[in-house]
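Chemist: sequence first, predicted model second:
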Amino acid sequence: MIKVGVDIEDIERFKGKSQDFLDRVFTPSEQVYCNSFSHPESRYCARFCAKEAVVKALSGFGIKNVYYSEIEVYHDENNCPNVRILKELGKDFCINLSISHEKTKAVAFVVIEESH
(Lines give C-alpha, C1' and ligand atoms only; values in the text may rest on other atoms or scores of the structure.)
Protein backbone atom coordinates (compact mmCIF):
# COMPACT_ATOMS: atom_id res chain seq x y z
CA MET A 1 0.00 0.00 0.00
CA ILE A 2 1.22 3.50 -0.88
CA LYS A 3 0.02 6.80 0.59
CA VAL A 4 1.01 10.36 -0.30
CA GLY A 5 1.03 13.70 1.49
CA VAL A 6 1.74 17.23 0.34
CA ASP A 7 1.91 20.62 2.02
CA ILE A 8 2.69 24.18 0.97
CA GLU A 9 3.25 27.11 3.33
CA ASP A 10 4.18 30.79 3.29
CA ILE A 11 7.78 31.26 4.43
CA GLU A 12 6.80 34.54 6.10
CA ARG A 13 4.94 32.53 8.78
CA PHE A 14 8.28 31.18 10.04
CA LYS A 15 10.06 34.49 10.58
CA GLY A 16 10.70 35.33 14.23
CA LYS A 17 9.18 32.18 15.73
CA SER A 18 9.77 31.74 19.44
CA GLN A 19 12.29 29.23 20.74
CA ASP A 20 9.39 27.45 22.46
CA PHE A 21 7.69 26.93 19.08
CA LEU A 22 10.94 25.76 17.47
CA ASP A 23 11.54 23.28 20.30
CA ARG A 24 8.00 21.88 20.01
CA VAL A 25 8.19 21.37 16.25
CA PHE A 26 11.84 20.85 15.27
CA THR A 27 14.53 18.51 16.57
CA PRO A 28 17.81 19.96 17.85
CA SER A 29 19.68 18.83 14.72
CA GLU A 30 17.04 20.45 12.47
CA GLN A 31 17.45 23.70 14.39
CA VAL A 32 21.24 23.59 14.02
CA TYR A 33 20.87 23.00 10.27
CA CYS A 34 18.27 25.72 9.70
CA ASN A 35 20.07 28.28 11.87
CA SER A 36 23.27 27.79 9.86
CA PHE A 37 21.69 29.80 7.01
CA SER A 38 21.27 33.57 6.82
CA HIS A 39 17.51 33.12 6.22
CA PRO A 40 16.58 30.10 8.37
CA GLU A 41 12.85 30.67 7.94
CA SER A 42 12.85 29.12 4.44
CA ARG A 43 14.51 25.94 5.80
CA TYR A 44 12.17 25.81 8.79
CA CYS A 45 9.19 26.26 6.51
CA ALA A 46 10.30 23.48 4.14
CA ARG A 47 10.82 21.11 7.08
CA PHE A 48 7.44 22.01 8.51
CA CYS A 49 5.87 21.19 5.14
CA ALA A 50 7.67 17.85 5.13
CA LYS A 51 6.41 17.02 8.62
CA GLU A 52 2.84 17.96 7.69
CA ALA A 53 3.05 15.87 4.50
CA VAL A 54 4.32 12.88 6.53
CA VAL A 55 1.46 13.26 9.03
CA LYS A 56 -1.05 13.35 6.15
CA ALA A 57 0.41 10.26 4.47
CA LEU A 58 0.65 8.29 7.74
CA SER A 59 -2.99 9.06 8.50
CA GLY A 60 -3.82 7.05 5.39
CA PHE A 61 -2.38 4.04 7.20
CA GLY A 62 -4.47 4.84 10.28
CA ILE A 63 -1.48 6.25 12.17
CA LYS A 64 -2.50 9.50 13.84
CA ASN A 65 -0.28 9.75 16.95
CA VAL A 66 2.95 11.07 15.42
CA TYR A 67 3.94 14.58 16.46
CA TYR A 68 6.09 17.00 14.47
CA SER A 69 8.93 16.68 16.99
CA GLU A 70 8.97 12.92 16.28
CA ILE A 71 9.57 13.48 12.56
CA GLU A 72 13.08 14.51 11.58
CA VAL A 73 14.19 15.84 8.21
CA TYR A 74 17.87 15.32 7.46
CA HIS A 75 20.21 15.16 4.47
CA ASP A 76 21.85 11.91 3.39
CA GLU A 77 25.39 11.42 2.10
CA ASN A 78 24.27 12.76 -1.31
CA ASN A 79 22.78 15.88 0.33
CA CYS A 80 19.25 14.68 -0.50
CA PRO A 81 16.49 15.36 2.03
CA ASN A 82 15.18 12.35 3.92
CA VAL A 83 12.79 11.70 6.77
CA ARG A 84 13.04 9.49 9.81
CA ILE A 85 10.36 8.80 12.39
CA LEU A 86 11.79 8.98 15.91
CA LYS A 87 9.25 6.62 17.49
CA GLU A 88 8.17 3.04 16.96
CA LEU A 89 5.15 2.81 14.68
CA GLY A 90 4.63 -0.95 14.82
CA LYS A 91 5.17 -1.21 11.07
CA ASP A 92 8.08 -0.52 8.75
CA PHE A 93 7.75 2.17 6.12
CA CYS A 94 9.81 3.46 3.22
CA ILE A 95 9.44 7.26 3.13
CA ASN A 96 10.40 9.29 0.06
CA LEU A 97 10.56 13.06 0.36
CA SER A 98 10.94 15.98 -2.00
CA ILE A 99 11.10 19.53 -0.66
CA SER A 100 11.56 22.89 -2.34
CA HIS A 101 11.39 26.56 -1.45
CA GLU A 102 11.60 29.85 -3.29
CA LYS A 103 11.12 33.48 -2.25
CA THR A 104 7.72 33.23 -0.56
CA LYS A 105 6.64 29.56 -0.47
CA ALA A 106 7.94 26.17 0.54
CA VAL A 107 6.47 22.82 -0.47
CA ALA A 108 7.00 19.17 0.40
CA PHE A 109 5.72 15.98 -1.19
CA VAL A 110 5.94 12.62 0.55
CA VAL A 111 5.32 9.09 -0.70
CA ILE A 112 5.14 6.40 2.00
CA GLU A 113 5.10 2.71 1.23
CA GLU A 114 4.51 0.02 3.81
CA SER A 115 7.43 -2.41 3.88
CA HIS A 116 6.73 -6.13 4.14
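Modeler: Now that the structure is in, tell me what you want to look at. Keep in mind that this is a model prediction, so the values were computed, not measured.
Chemist: quick one: strands adjacent to the helix or strand residue 6 falls within?
Modeler: In this structure, residue 6 sits in strand 2-10 according to DSSP states H and E. Note on strand 2-10: by DSSP bridges, its sheet partners are strand 105-114 (antiparallel).
Chemist: got the buried residues for the strand it pairs with?
Modeler: 105-112 (16 or more other C-beta atoms under 10 Å). C-beta here means a position set from N, CA and C on the backbone, and glycine is covered the same way.
Chemist: next, the nearest residue to residue 24 once chain neighbours are set aside: phi, psi?
Modeler: Of all residues not flanking residue 24 in the chain, residue 69 sits nearest, at 6.3 Å (C-beta to C-beta, 6 or more residues apart in numbering). Backbone torsions of residue 69, given as degrees, to the nearest 10, read phi -70, psi -10.
Chemist: which residues touch residue 69?
Modeler: With contact set as C-beta atoms under 8 Å, 6 or more residues apart in numbering, residue 69 has these partners: 23-27, 86.
Chemist: show me the contacts for residue 74.
Modeler: So residue 74 contacts 29-30, 33, 81-84 (C-beta under 8 Å, 6+ apart).
Chemist: can you flag the buried ones in these?
Modeler: 30, 33, 81, 83.
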